[in-house]
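K.L.:
pasting the sequence and the predicted coordinates here, then a few questions.
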Amino acid sequence: MTNDSPEEETRAPGGGGGGGRGIAQRNRADDNVTILTSSMDFHRASRSRASSSNDAAPSITSSVDLSTSSLELSIQTRIFRIIVIGDSNVGKTCLTFRFTGGSFPDKTEATIGVDFREKAVEIEGETIKVQVWDTAGQERFRKSMVEHYYRNVHAVVFVYDVTKMASFRNLQTWIEECNGHRVSASVPRVLVGNKCDLVDQIQVPSNMALKFADAHNMLLFETSAKDPRESQNVDSIFMSLACRLKAQKSLLYRDVEREDGRVRLTQETETKSNCPC
Ligand SMILES: Nc1nc2c(ncn2[C@@H]2O[C@H](COP(=O)(O)OP(=O)(O)OP(=O)(O)O)[C@@H](O)[C@H]2O)c(=O)[nH]1
């Protein structure tokens, strides 16, 4: 992946799958990936977690019963944790919904704290869980959670609304916040301009966004969570990151699966990928 210069592949002017303007999505990734399951929407659970200090921090491994005698090692399922950041109302929830659930929500409310959604995908024969953290854009709903957002994050999606210049200008602040939380420079970041379906209201020109993305070493995707013709493009945002992460060194994560009443504890291993994405 690293030598495949994703920038070149994703920025062909006027390209892209389905209906969006400007910036193309690389659909080559779609040839190599399969979405195995529909989303597991942790929306409600995570909201209550965010508001209850008594609950355990959200963790995939939190349900492990170590006293279980049949504990055994099984095949590793890697988890890629991707956070979605940006101003309130830019469409973060809708984008994550579109990717994990394949639809545009009829109604959304301001995210409080963070919502988790997860989708299992297959990339070159390996099943990977893409865990999307949909963060709150409103300061009052995110204050206490910011530390959690950036902890152990594998990739970051910065979102702005193409019809709101202010949301684009504020990206600098979001990037500074991200950098301020010691997110490594090796953590892939992408920029997403959402609401491209509102063609008559666009305020942020593509070339301005591209320049910004270049300056921050990010890929740019312009898309719409609402327009169903753009769904493949929305998938590409997350799948391109998943492909990049898969190509990087193994992520040391453990996952638990319950199968036939037995707990399976996965093993951390180092794997190499030849993902062509
Ligand atoms: N036209 C259009 N509207 C959209 C699109 N994506 C989201 N919206 C609308 O924008 C509003 C905000 O969407 P959300 O996804 O809740 O925004 P958010 O960034 O998650 O907001 P916070 O949770 O407050 O941070 C909703 O009314 C959505 O219906 C899009 O692609 N096109």
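P.N.:
Done, it's in. Everything quoted here is computed from the prediction, not taken from an experiment.
K.L.:
surely residue 181 touches residue 146?
P.N.:
Yes - under the criterion of CB atoms under 8 Å, residue 181 makes contact with residue 146 at 7.2 Å. Where C-beta positions appear, they are placed from N, C-alpha and C, glycine not excepted.
K.L.:
compare these two (neighbour count), which wins?
P.N.:
residue 146 (17 against 13; other CB atoms under 10 Å).
K.L.:
right, and residue 116 touches residue 130 too?
P.N.:
No - assessed by CB under 8 Å, residue 116 is found out of contact with residue 130, at 11.2 Å.
K.L.:
helix, strand or coil for residue 81?
P.N.:
strand (DSSP: H, G, I helix; E, B strand; the rest coil).
K.L.:
show me where this protein has its helices.
P.N.:
6-10, 28-32, 43-51, 92-101, 146-150, 165-169, 171-180, 206-215, 231-247 (DSSP state H).
K.L.:
compare neighbour counts for residue 116 and residue 130 and give me the winner.
P.N.:
Neighbour totals were compared for residue 116 and residue 130, and residue 130 leads with 27 against 21 (other CB under 10 Å).
K.L.:
still on that earlier bit, and residue 121, which of the helices of the chain is closest to it?
P.N.:
Closest approach to residue 121 among the helices of the chain is made by helix 231-247 (6.3 Å; CB to CB).
K.L.:
any part of that closest one near the ligand?
P.N.:
No - legend: contact between helix 231-247 and the ligand by CB under 6 Å from any ligand atom is lacking; minimum distance shown is 8.9 Å.
K.L.:
for that helix, C-alpha coordinates in CSV please.
P.N.:
C-alpha atoms of helix 231-247 as CSV (Å, rounded to 0.1, in the frame of the first residue of the first chain):
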residue,chain,number,x,y,z
SER,A,231,-22.6,4.7,-1.1
GLN,A,232,-19.7,3.1,-2.8
ASN,A,233,-17.6,6.2,-2.3
VAL,A,234,-18.5,6.3,1.4
ASP,A,235,-17.4,2.7,1.7
SER,A,236,-14.1,3.6,-0.1
ILE,A,237,-13.3,6.1,2.7
PHE,A,238,-13.2,3.4,5.3
MET,A,239,-12.0,0.6,3.1
SER,A,240,-9.1,2.5,1.8
LEU,A,241,-8.0,3.1,5.4
ALA,A,242,-8.6,-0.6,6.2
CYS,A,243,-6.4,-1.6,3.3
ARG,A,244,-3.7,0.8,4.4
LEU,A,245,-3.9,-0.5,8.0
LYS,A,246,-3.8,-4.1,6.8
ALA,A,247,-0.7,-3.3,4.8
